[in-house]
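J.: A structural model of the following input is requested.
(chains A and B)
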Amino acid sequence: MARAVVVETETENLVRRFLEEHAARIAELKYSLFLFRKNRLAVVGLVLLLTTVALAFLAPFLALQQPSYVLINGEEQQRWAQDLGATFLSPSSAHPFGTDNLGVDWYSKVLFGAGTALQVGLLVVIPASVLGSLLGLIAGYKGGLVEEIVMRITDIFLSVPGLVLAIAITAVLGRSIVHVVYALIITWWPWYTRIVRGQVLSIKERQFVESARSIGASPARLMLRHILPNSASPIIVQGSMDFGYVILTAAGLGFLGLGAPPGTAEWGVMIFEGLNYLFQAPWMATFPGLAIVLAVLGFNLLGDGLRDILDPRLRR
Amino acid sequence: MKLWEYVVRRLLALIPVLVGVTLITFILWKAIPVDPARAFLGPKAPQSLVDQYHRLWHLDDPLPNQYLYYMGNLLRGDLGVSFVYKIPVTDVLFARIPATLELTLYAMAFAIPVGIYLGIRSATSRNRWTDHAARFVAILGVAIPVYWLGIMLKIFFHEGLATIHLDVLPLDGRLDSAPTSTITGFYTLDAILHLDPGTFVAALAHLILPAFALGFAQLAIILRITRSGMLEVLGQDYVRTARAKGVPEKDVVFTHAFRNATSATLTVSGLTVGSALAGDVYVETIFRWNGIGQYFFQAASTGGFTDLLGYVLLITVFYVAANLIVDVLYATLDPQVRLGGS
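T.: Numbering: from 1, shown residues only, chains lettered A, B, ... in the order given. Okay, here's the model as predicted:
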């Protein structure tokens, strides 16, 4: 009994010490959460986003029909069982989003499309933001010739409309969802370089960086431990917004026939297939497009909300 | 710095950009194991013809030489032969530019004024229902893909309105039958020059849906920027002073406030030209519009390198030109802005 009391006080002690040590951060976090909850649109965004993620993971359980996978030229491709007796069925309780020209249940394909969209988003936004941020960090920190070269290359990439460059790259490389990912990384990193460089220029002259340098911190430590964390908020905001735009653009490339192969559960490809039967089966183009709008809306609203919370000028 | 000096400088700065773009695309093109001669001539072409093609375009030379040959041709205004149409790429582009420019200009002529107007209304009636409605449009505009919007418009105007016998708007092409003679290639302008009101109305009717689809996203962006610019300016002291000394509210909003909120709107309008040019690819494909966007789509599906690169270079020039015009306008409107920095 007495022993238990001691243990309890010890844990309590630990908790209390932890709370005291991190009091400032916890207060900050609480305040951020409070601001987030007050921002109704951001909450709507988060709900939309979580729904998309949940649907992507639960697709195999919720779908009425499952795809099979075959290997073609080393790339895994989706196959959906056809039912030629059930083509062009309009939406009903048996097929909530109707069926296509081959009798495939459209609701199941839209569900599986969520996973494809989120994967592409992750595979583009993370490498692009890491690569772009690192280049921006180095350019801003080093200055001089390095900065000049990096920023001129960035300018070249930014002076072509991103979508046009992405289309050209995928078209040259050939139809594949992997090439779409490459093309979007190539078109997306320069934005991060520009943002981070601007941040670094303003942060590197601050006193806390100066004092870290004076006690002998290495350039790598200065950049990664002191400067980068302090320029994180614009990267996070941009990343959240970009996630939506990447989904939209990747689907656009799929629509042009540059991404996933025909018949795949990818929203852009599905809209294109719907374009062929526009007036015969309008639901084919409608539902995958609606899915894109909701997913993109989720990321945009969340990004907007995060900016309001993370930008100290907008906090009050 | 004088205006012409600034313009010349900006145009010179375009050169490394264009070189960079050609280099990126060229490297990618060479990175893939596809023989361009086979892609151009087709799989059934005899070997002798393929060899001849290789000699003609120096395809067996070292890569840097190939690139220099390519650039040399480019400097003479030769973009190569189209993989899609087997005629010079420049001919294809020139024949199709007016269609795209006409569509894009109409889209921007709709998006910029409406976006600015809604942005101002939204800011001046903050948190009332007009503001909420405008912000809803702004949010939707950037989330709705242009290809989906175009398709939805077509379905709506076909299905929805045909049932009540109201198929008012044409859904495809620039005119039901191609005009016998063209002067500028802009069908609405040609109709005016030919004093042909019937054709003018028909061409305009064909423009409405594609221009709306193309302009909607740009409208949303312009609305958003105008709104935030106006909100910032409206809270400033000189606006309060103007109101206090009895300036009519209309003049406060449009003369005092808006002139000072234009800078961001202008910059963004230049940027939206870029996204409109990219959106053209989709809109022209969906509405069967014979412009360069549709050509780019055809090139993308055949993988024609000369076509793709020709299009990308042209769009880059348009895009840079649009932003240059914006910067010049910017300096004309705002005396505090000096061209080319301090």
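J.: residues in the stretch 1-150 of chain A within reach of chain B, list them.
T.: Residues of the stretch 1-150 of chain A found near chain B (CB under 8 Å from any CB of the partner chain) are A:L41. Yep, even glycine has a C-beta here, placed from its N, CA and C like the rest.
J.: Is the residue of the stretch 1-150 of chain A found nearest chain B within a helix or a strand, and which one?
T.: Closest to chain B within the stretch 1-150 of chain A is A:L41: 7.9 Å, counting by CB to the nearest CB. Following DSSP states H and E, one finds A:L41 within helix A:40-62.
J.: who are the neighbours of whichever helix or strand comes after that helix, in terms of helices and strands?
T.: Next in sequence after helix A:40-62, counting helices and strands by DSSP H and E, comes strand A:68-72. Counting contacts by 3 or more CB pairs under 8 Å, 6 or more residues apart in numbering or on different chains; DSSP states H and E, strand A:68-72 packs against strand A:75-79.
J.: Enumerate the positions of the strand it packs on that are buried.
T.: For strand A:75-79, burial by neighbour count (16 or more other CB atoms under 10 Å in any protein chain shown) applies to A:Q77, A:Q78.
J.: can you state the direction angle for the helix or strand following it and strand A:75-79?
T.: Going down the chain from strand A:75-79, the next helix or strand is helix A:106-142, by DSSP H and E. Put simply, helix A:106-142 runs at 150 degrees to strand A:75-79, going by axes from the mean of the first three to the mean of the last three CA atoms, to 10 degrees.
J.: Distance from the chain centre to helix A:106-142, please.
T.: 5 Å (CA atoms, centre = their mean, to the nearest Å).
J.: If you count neighbours, what's buried in whichever helix or strand comes after that helix?
T.: Later in the chain than helix A:106-142, the nearest helix or strand by DSSP H and E is helix A:144-158. Using 16+ other CB under 10 Å as the test for burial, helix A:144-158 gives A:E147, A:V150, A:M151, A:I153, A:T154, A:I156, A:F157, A:L158.
J.: The second one reaches A:G140, doesn't it?
T.: No - the pair A:V150 / A:G140 is not scored as a contact, 9.2 Å apart, by CB atoms under 8 Å.
J.: Now do the shared contacts for those two.
T.: Taking CB atoms under 8 Å, 6 or more residues apart in numbering or on different chains as the criterion, A:V150 and A:G140 both touch A:R197.
J.: in chain A, which helix or strand is least confident?
T.: helix A:2-21 (a mean of 74; mean pLDDT, DSSP states H and E).
J.: ugh, wrong one, chain B
T.: Lowest on mean pLDDT, DSSP H and E among the helices and strands of chain B sits helix B:161-162, with a mean of 61.
J.: Need the residue closest to the centroid of chain A.
T.: A:F243 (2.8 Å; CA atoms, centre = their mean).
J.: For the stretch 1-150 of chain B, what lies in contact range of chain A?
T.: B:16-17, B:20-21, B:24-25, B:28-29, B:31-32, B:34, B:139-140, B:142-145, B:147-148.
J.: Could you rerun that using 10 Å?
T.: With CB under 10 Å from any CB of the partner chain as the criterion, the stretch 1-150 of chain B meets chain A at residues B:13-14, B:16-21, B:23-34, B:135, B:139-140, B:142-150.
J.: What about these, which are in helices?
T.: Within the residues of the stretch 1-150 of chain B next to chain A, residues falling in helices by DSSP state H are B:13-14, B:16-21, B:23-31, B:135, B:139-140, B:142-143, B:146-150.
J.: Which of the residues you listed are buried, as a ChimeraX select command?
T.: Per 16+ other CB under 10 Å, the buried members of those correspond to this ChimeraX selection:
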select /B:14,17,18,20,21,24,25,26,28,29,135,139,140,142,143,146,147,148,149,150
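J.: The residue nearest to the spatial centre of chain B is in what secondary structure piece?
T.: In chain B, the residue lying closest to the centroid (CA atoms, centre = their mean) is B:L277, at 2.3 Å. B:L277 is located in helix B:258-286, with elements delineated by DSSP H and E.
J.: now the helix or strand following that helix against helix B:258-286, angle please.
T.: Sequence-wise, the next helix or strand downstream of helix B:258-286 (DSSP H and E) is helix B:292-302. Counting by the same axes, to 10 degrees, helix B:292-302 lies at 50 degrees to helix B:258-286.
J.: Count the neighbours of B:A99 for me.
T.: By other CB atoms under 10 Å in any protein chain shown, 23 other residues sit near B:A99.
J.: what angle separates whatever helix or strand B:T90 lives in from helix B:292-302?
T.: Secondary structure from DSSP H and E places B:T90 in helix B:89-124. Compare the direction of helix B:89-124 with that of helix B:292-302 by the same axes, to 10 degrees and you get 120 degrees.
J.: list the buried ones in helix B:89-124?
T.: Neighbour-count burial for helix B:89-124 flags B:89, B:92-93, B:95-96, B:98-108, B:110-112, B:114-116, B:118-124 (criterion: 16+ other CB under 10 Å).
J.: Equivalent analysis for stretch A:12-21, please.
T.: Going through stretch A:12-21 with 16+ other CB under 10 Å, nothing comes out buried.
J.: tell me how far that stretch is from the chain's mean position?
T.: With CA atoms, centre = their mean, you get 36 Å for stretch A:12-21.
J.: any idea how far the residue in the stretch 201-316 of chain A that chain B sits nearest to lies from A:G298?
T.: Of all residues in the stretch 201-316 of chain A, A:G289 sits closest to chain B, at 3.5 Å by CB to the nearest CB. Note on A:G289: its distance to A:G298, by CB to CB, to the nearest Å, is 15 Å.
J.: cool, A:Q82 as well?
T.: 33 Å.
J.: Please identify which of the two sits among more neighbours.
T.: A direct count of neighbours by other CB under 10 Å for A:Q82 and A:G298 places A:G298 higher, at 25 against 15.
J.: what stretches of chain A score poorly on pLDDT?
T.: Scanning chain A for pLDDT under 70 picks out A:1-8, A:311-316.
J.: before we move on, back to that, was I right to think the residue nearest to the centre of chain B contacts A:P161?
T.: Yes - counting by CB atoms under 10 Å, A:P161 is a contact partner of B:L277 at 5.8 Å.
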